[in-house]
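Participant: Kindly return the folded structure for what I paste below:
(chains A and B)
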There are 2 protein chains.
Amino acid sequence: MTTPDFPAREYERRLELAQRAMREHRLDALLFTTEAELRYFTGFRTLFWQSPTRPWFLIVPAEGKPIAVIPTIGENLMATTWIDDIRTFSSPHADDDGLSLLTSALHGRARVGMPMGRETSLRMPLNDLTRLRNALPATEFCDATELVQALRMVKSELEIEVISKICAVASEAFENAPNLFREGQSLKDTFRAFRIELLQRGADDVPYLVGGAGPGGYGDVISPPSDKPLEAGDVLMLDTGATLNGYFCDFDRNFAIGHASSEARDAYARLHDATEAAIEAARPGMTCADLFKLMNDRTGGTGSNVGRLGHGLGMQLTEAPSLIDFDETILQEGMVITLEPSMDLPEGKMMVHEENIVIRDGPAQLLSRRAAPELPIL
Amino acid sequence: MTTPDFPAREYERRLELAQRAMREHRLDALLFTTEAELRYFTGFRTLFWQSPTRPWFLIVPAEGKPIAVIPTIGENLMATTWIDDIRTFSSPHADDDGLSLLTSALHGRARVGMPMGRETSLRMPLNDLTRLRNALPATEFCDATELVQALRMVKSELEIEVISKICAVASEAFENAPNLFREGQSLKDTFRAFRIELLQRGADDVPYLVGGAGPGGYGDVISPPSDKPLEAGDVLMLDTGATLNGYFCDFDRNFAIGHASSEARDAYARLHDATEAAIEAARPGMTCADLFKLMNDRTGGTGSNVGRLGHGLGMQLTEAPSLIDFDETILQEGMVITLEPSMDLPEGKMMVHEENIVIRDGPAQLLSRRAAPELPIL
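Facilitator: Model prediction:
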């Protein structure tokens, strides 16, 4: 038997806040199809989402507990959560992958909110959504993106505790870099060693590990590793989203192999300084745009192809809000965010620096252990 | 610099077959938003899809090479692929996350196919799809699910080679079970040891690892691991989707801890027999429903909550087709599928057996190394 990640009161609180917001928006139900939202309201956690075959649905009504409309294969696991109303369908199905159950569960609800905006996706066949809408002509489907993001971006102490733990695991793993990475090692082997290190130190999984290495910097921050060996003078960057109980850390570290150019050291120092300023400044009441501008000014506004300088963090590697000039989201206590200033360097190179913090009533609290103030040389 | 996973001729062949099918369906373009489809036509491979923030688009026109409409952060990596026409937008964006670029790239195309059916999802905001449709009133958006699935379900020899390699890695890891799993070990530690084993033997990543353990069987096949220690008499099952160059294996193995009940041994033998019969029978020209019936008869048709007895395998853990009674897909040479018979056992327990094969002109070829004929006892 799997133990729920959190006690029922955590989910009761989420439901209470959701239903309060639903009353404000005059919504009769919320309909979800995606992993993070199903898990947020139920605690249902499985890697089975890797299989795209079966749709999963959750209805959060204006009153009462959520209703799970899910494939039979998930019934046992859902029954271990706090959810009572579990309606199952045989899936895959020739022509009714949950649609008739979903239709009857939503029947009579006038306004149904779904995530339709920024950062959202639809994890069910588009044809089935059309069929659902046609079967419920009296129901208005409304965009509930902001409602859901506003809930999810403020973390509970229980959530912060889990994120803090996985940040500690990744911090320890990065601090062991001198024993893991060396000149002549291929980038593939470097990644492999770091994945294993994270698992050995307690990570459940490493769904995200990207990085790069090159003389004085790297060309992008999303590539898988190549067979190229690390060479003296390379700057190596690893950026990891390891997980514990389905919650992510997300930060990177830079290392110089053998020696570092003064340009690389200077860029590192400037990014460290920008991050430091943001850690010191971040307070409830500031906006994300404020924090973006502060870091952008410190890095000289050279920008980079990343487009923002940080983001929310939690059940997903990146969540709302964004630290970018147009995001006027007001920082609140309990928000967990990344600070991720980046700079373009000459010859198509770039450098990125990243820390994870939680906004507190007063100074922010670091979740990742602060990177060294000078570019570490391995 | 990342090396492309396959030479350009692999992608040229995929495009040629897609465009042939598009002519049959009178489609002027295909529009994709999802990882597997973008990678299938371009070779663009990154774990950055873990971040839900930015939409990514690919247009496959009726003539000429695909057009990538992607966030700037992906430009460098996309430039390493065979794609020439790369149109980028700054993302996240206040109000235009690629939409105007997408609109102009699709303008004048009368019929645009998108995946809208079984097993598909939409990885862009629903609001933006509505805006796109409104901006292109003369364009008809059609369902291209079957067209795309028909292409992807038949693998090239290059794809089969990669899947074969990751199956060999997982087979070796499973064969090392006596050195990895033991009585008293928590299920969490069991999973951790197996993940590390897979990485050490050459897997790039282990996006999928589920399983269970209990006296005589397990309750479901999608749960994350608990802290419960393995006990004598438990049947332990691990089911893994490890990856190499972004291609999955997907099979499981069962082990008894200390000793096994005759019921568990019998169920295992029956599932092994059903799999054996399917391996021997699988030929081009049979349907998926035929193969389902064959296994279902051998297991006594007790079914289980899984709902099907196998599926396609490749860039995703599960792909079309399904081995289920209503799937009349005809098996073709080059299809890589899982054979996954399962049985309900008394007291809410179940057992699942799984192998990976490729359909050949003649007998099928095993990709996983065949499980032991009798339930192995650790």
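
Participant: residue boundaries of the helices in the stretch 101-250 of chain A?
Facilitator: A:126-135, A:145-152, A:157-175, A:177-180, A:187-200 (DSSP state H, counting those that start in this stretch).

Participant: The ones you listed: which one's closest to residue B:378?
Facilitator: Residue B:378 lies closest, by CB to CB, to one member of the helices of the stretch 101-250 of chain A: helix A:187-200, at 21.5 Å. Every residue, glycine included, has its C-beta placed from N, CA and C.

Participant: What part of chain A, helix or strand, is modelled with the least confidence?
Facilitator: Within chain A, no helix or strand scores below strand A:342-345, which has a mean of 90 by mean pLDDT, DSSP states H and E.

Participant: which other helices and strands contact it?
Facilitator: Judged by 3 or more CB pairs under 8 Å, 6 or more residues apart in numbering or on different chains; DSSP states H and E, the packing partners of strand A:342-345 are helix A:262-281, strand A:349-352.

Participant: would JSON lines of those with mean pLDDT be doable?
Facilitator: JSON lines is the format used below for the helices and strands packed on strand A:342-345 (pLDDT from 0 to 100):
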{"stretch": "helix A:262-281", "mean pLDDT": "96"}
{"stretch": "strand A:349-352", "mean pLDDT": "92"}
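
Participant: For chain B, find the nearest of the ones you listed.
Facilitator: Closest approach to chain B among the helices and strands packed on strand A:342-345 (CB to the nearest CB): strand A:349-352, 9.3 Å.

Participant: Give me the contact list for that closest one.
Facilitator: A:214, A:216-221, A:235, A:237, A:239, A:252, A:254, A:264, A:267-268, A:271, A:304-306, A:340-345 (CB atoms under 8 Å, 6 or more residues apart in numbering or on different chains).

Participant: hey, C-alpha coordinates of the next helix or strand after that strand in PDB?
Facilitator: Note on strand A:349-352: by DSSP states H and E, the next helix or strand toward the C-terminus is strand A:355-358. Output of strand A:355-358 as PDB, limited to C-alpha atoms (Å, rounded to 0.1, in the frame of the first residue of the first chain):
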ATOM      1  CA  GLU A 355      19.100  29.200  -7.200                       C
ATOM      2  CA  ASN A 356      15.800  28.200  -5.600                       C
ATOM      3  CA  ILE A 357      14.100  30.300  -2.900                       C
ATOM      4  CA  VAL A 358      10.900  30.600  -1.000                       C
END
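
Participant: average pLDDT for strand A:355-358?
Facilitator: The predicted model assigns strand A:355-358 a mean pLDDT of 98.

Participant: Give me the sheet partners of that strand and which way each runs.
Facilitator: Strand pairing for strand A:355-358, determined by DSSP bridges: strand A:336-339 (antiparallel), strand A:365-366 (antiparallel).

Participant: Isn't residue A:193 up against residue A:180?
Facilitator: Yes: under the criterion of CB atoms under 8 Å, residue A:193 makes contact with residue A:180 at 4.8 Å.

Participant: what does the stretch 251-378 of chain A put close to chain B?
Facilitator: Contacts of the stretch 251-378 of chain A with chain B, taken as CB under 8 Å from any CB of the partner chain, map to A:305-308, A:311, A:316-319, A:322, A:324, A:326-327, A:348.

Participant: Can I get the buried part of those residues as one ChimeraX selection?
Facilitator: Buried residues within these, by 16 or more other CB atoms under 10 Å in any protein chain shown, are selected in ChimeraX with:
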select /A:305,306,307,308,311,316,317,318,319,322,324,327
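
Participant: Domain ranges for chain A, per the record?
Facilitator: Using automatic domain parsing, the domain ranges for chain A come out as A:8-152, A:157-366.

Participant: The shortest one and chain B, any residue contact?
Facilitator: This means domain A:8-152. Yes: under the criterion of CB under 8 Å from any CB, domain A:8-152 makes contact with chain B via A:33, A:45-48, A:50-53, A:71-77, A:90-94, A:97, A:114-127, A:143, A:145.

Participant: Quick check on the contacts of strand A:349-352: which are buried?
Facilitator: Counted by 16+ other CB under 10 Å, the contacts of strand A:349-352 give A:214, A:216-221, A:235, A:237, A:239, A:252, A:254, A:264, A:267-268, A:271, A:304-306, A:340-345 as buried.

Participant: Residue A:202 - nearest residue in space that isn't next to it in sequence?
Facilitator: Nearest residue to residue A:202 in three dimensions, chain neighbours excluded: residue A:169, at 4.8 Å (CB to CB, 6 or more residues apart in numbering or on different chains).

Participant: Next one: the one you found, what pLDDT does it get?
Facilitator: pLDDT, residue A:169: 98.

Participant: Go ahead and confirm it touches residue A:244.
Facilitator: Yes: between residue A:169 and residue A:244 there is a contact under CB under 8 Å: 7.0 Å.

Participant: which residues do the two both contact?
Facilitator: In contact with both residue A:169 and residue A:244: A:202-203, using CB under 8 Å, 6+ apart.

Participant: about what we covered before: the helices of the stretch 101-250 of chain A into a markdown table, with extra columns for mean neighbour count?
Facilitator: A markdown table is the format used below for those (neighbours: other CB atoms under 10 Å in any protein chain shown):
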| stretch | mean neighbour count |
| --- | --- |
| helix A:126-135 | 16 |
| helix A:145-152 | 19 |
| helix A:157-175 | 20 |
| helix A:177-180 | 14 |
| helix A:187-200 | 21 |
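
Participant: Out of those, which is closest to residue B:64?
Facilitator: helix A:126-135 (26.2 Å).

Participant: ok so, going back, quick check on the residues of domain A:8-152 next to chain B: which are buried?
Facilitator: Among the residues of domain A:8-152 next to chain B, those buried by neighbour count (16+ other CB under 10 Å) are A:33, A:45-48, A:50-53, A:71-74, A:76-77, A:90-93, A:97, A:114-127, A:143, A:145.

Participant: Pull up the gap between residue A:169 and residue A:176, please.
Facilitator: Here residue A:169 is placed at a distance of 11 Å from residue A:176 (CB to CB, to the nearest Å).

Participant: What residue, apart from its backbone neighbours, is nearest residue A:131 spatially?
Facilitator: Using CB to CB, 6+ apart, the closest residue to residue A:131 is residue A:99 (5.9 Å).

Participant: Can you flag which of the residues of domain A:8-152 next to chain B belong to strands?
Facilitator: Applying DSSP state E to those, the entries found in strands are A:71, A:114, A:143.

Participant: Which of the residues you listed sits closest to residue B:185?
Facilitator: For these, the nearest to residue B:185 is residue A:71 (30.6 Å; CB to CB).

Participant: right, and residue A:181 touches residue A:191 too?
Facilitator: No: distance between residue A:181 and residue A:191: 10.1 Å, which falls outside the contact criterion (CB under 8 Å).
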